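>>> just to be clear, the model below is a prediction. Sequence and coordinates:
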Amino acid sequence: MRSARLLTWWLVVAGTVWAALVLWSLYIDLSRHRLGFEQNLLERGRALYTLTEMAREWNARHGGIYAPVTPASPPNPYLDVDRRDFAINGIAYTMINPAYMTRQIADIARESQGVSINITSLNPIRPANKADPWESAALRRFEDGTAEILERIGEGGGTIFRYMAPLTTKASCLACHAKQGYREGDVRGGISVTMPAAAAIALFEGQRDYIYRVHLVGWVTVSALLAFLYWWVQRHWASIDKIRGEQEILIADRTVDLRRANAELEHLAAIDPLTGAFNRRQFLATAEVERRRAKRRKEPLALLSFDIDHFKAINDRHGHAAGDAVLRAVVHRAGAALRAGDILARFGGEEFVALLSNTEARAAALVAERLRLALAAEPVEAGSAEIEVRASFGVTHWAESDASFEVALARADRALYRAKQDGRDRVVLEI
């Protein structure tokens, strides 16, 4: 069915488009989620860097600060400045410069948040601040103009995120670093921030899985609706097809009934209702067909015209029911005496005609004589009466010179009239 194929095509297109939209939305959401995740990490590293840098700047602007000497804050052996250490009231103080303060802030961050903050350089004053391979590569990129770097390092439980941004030499820094050859504006090092990744990755993957689930549920829901729509429409169309089929069967049955009724009407229109023989109209139509066939095949065609002698007397003496019985008997006996292909018709009242195909006129006269004897062979029983039946016959043939079949029919009627004049119950041939 064309409509079913069209529906299937549209649903396939709709399902494909919907799947493409879901995949496109999934790609966009995952991309945004990853970008947001990376942006959050970047902001976190940038915030730690910024806070550390501001603290360092605050320290540098004060020319360093002093704190009591403790095991956690011993004098800095790499700090070469005047008045690095002094004592007041028996308490020893030492200078905490920006680099020293950064290391102490890094210790607090490592203990509280597991974050490692490291000040590093390719040319450090303190050897422990020398850049590791990753930091060295980052510092070289800073010298080429890179503003900041965030990278994921490692896999599984050992995964970390490393952020690094450059330290630019400022006027407040030259007090310690001028002797290293740095000038204001030079990149003398950087601050790297190492952040544990486990918690952040777990959060990222949880949110990513949620995005997958939302899209899967959306795709399944709409696909199920499309499948339900397909099923419902198919079922609806199946009902329509069933109704249409029943209607077609009903129409076909009615058509058959109508054809049968038409055939019966045609039969009734062609048959004499009393005797069952052809009526005048049907005989003339059939005779014309036979005439054309005989002409085309160059075959002879004979015609018998006969009626029952003294039929009015039979009706007057025995009644019309008896007359009808005689008419039916005549048709029955004539049908038995004629061939299957011959045509017998009641022309009206007690008059009958018969058309004999492929038969010469003289042979037709013999058939008429045989038919006359068959009609008179035994009486017709009509109630309590037994009625003798006699008939007169006129025989002729159709000639090619006849303008129409009615010409031959008129010639047979003349022969019948002569049979009546000659005493009835006889056969007269006219050629």
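Good, I have the coordinates. Numbering: from 1, shown residues only.
>>> quick check: residue 79 is in a helix.
No. Going by DSSP: H, G, I helix; E, B strand; the rest coil, the assignment for residue 79 is coil, not a helix.
>>> touching, it and residue 97? I think so.
Yes. Contact criterion C-beta atoms under 8 Å: residue 79 and residue 97 qualify, at 5.5 Å. In this view, the C-beta of every residue, glycine as well, is placed from N, C-alpha and C.
>>> neighbour count for the two, which is higher?
Using other C-beta atoms under 10 Å, the more surrounded residue of residue 79 and residue 97 is residue 97, with 22 against 18.
>>> now do the contacts for that one.
59, 60, 64, 76, 79, 81, 176 (C-beta atoms under 8 Å, 6 or more residues apart in numbering).
>>> what is the neighbour count of the residue lying closest to residue 376 once chain neighbours are set aside?
Spatial nearest neighbour of residue 376, excluding adjacent residues (C-beta to C-beta, 6 or more residues apart in numbering): residue 390 at 5.7 Å. Number of residues near residue 390 (other C-beta under 10 Å) recorded here: 14.
>>> lowest-scoring secondary structure element of the protein by mean pLDDT?
One helix or strand of the chain scores below all others by mean pLDDT, DSSP states H and E: helix 174-177, with a mean of 58.
>>> heading C-terminal from that helix, find the next helix or strand.
Using DSSP states H and E, the helix or strand that follows helix 174-177 in sequence is strand 187-196.
>>> quick one: strands adjacent to that next one?
The strands beside strand 187-196 in its sheet (DSSP bridges) come out as strand 116-120 (antiparallel), strand 160-168 (antiparallel).
>>> these: which one's closest to residue 103?
Residue 103 lies closest to strand 116-120 among the strands paired with strand 187-196, at 7.1 Å (C-beta to C-beta).
>>> what sits up against that closest one?
48, 52, 99, 102-103, 105-106, 109-110, 129-132, 135, 139, 167, 189-194.
>>> the same query, at a cut-off of 6 Å, please.
Residues outside strand 116-120 that contact it (C-beta atoms under 6 Å, 6 or more residues apart in numbering): 52, 99, 102, 106, 109-110, 129, 131, 135, 189, 191-194.
>>> write a PyMOL command that selects only the buried members of those.
Per 16 or more other C-beta atoms under 10 Å, the buried members of these correspond to this PyMOL selection:
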select buried, resi 52+99+102+106+109+129+131+135+189+191+192+193+194
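>>> for residue 125, grab phi and psi.
When read as degrees, to the nearest 10, the backbone of residue 125 gives phi -70, psi -40.
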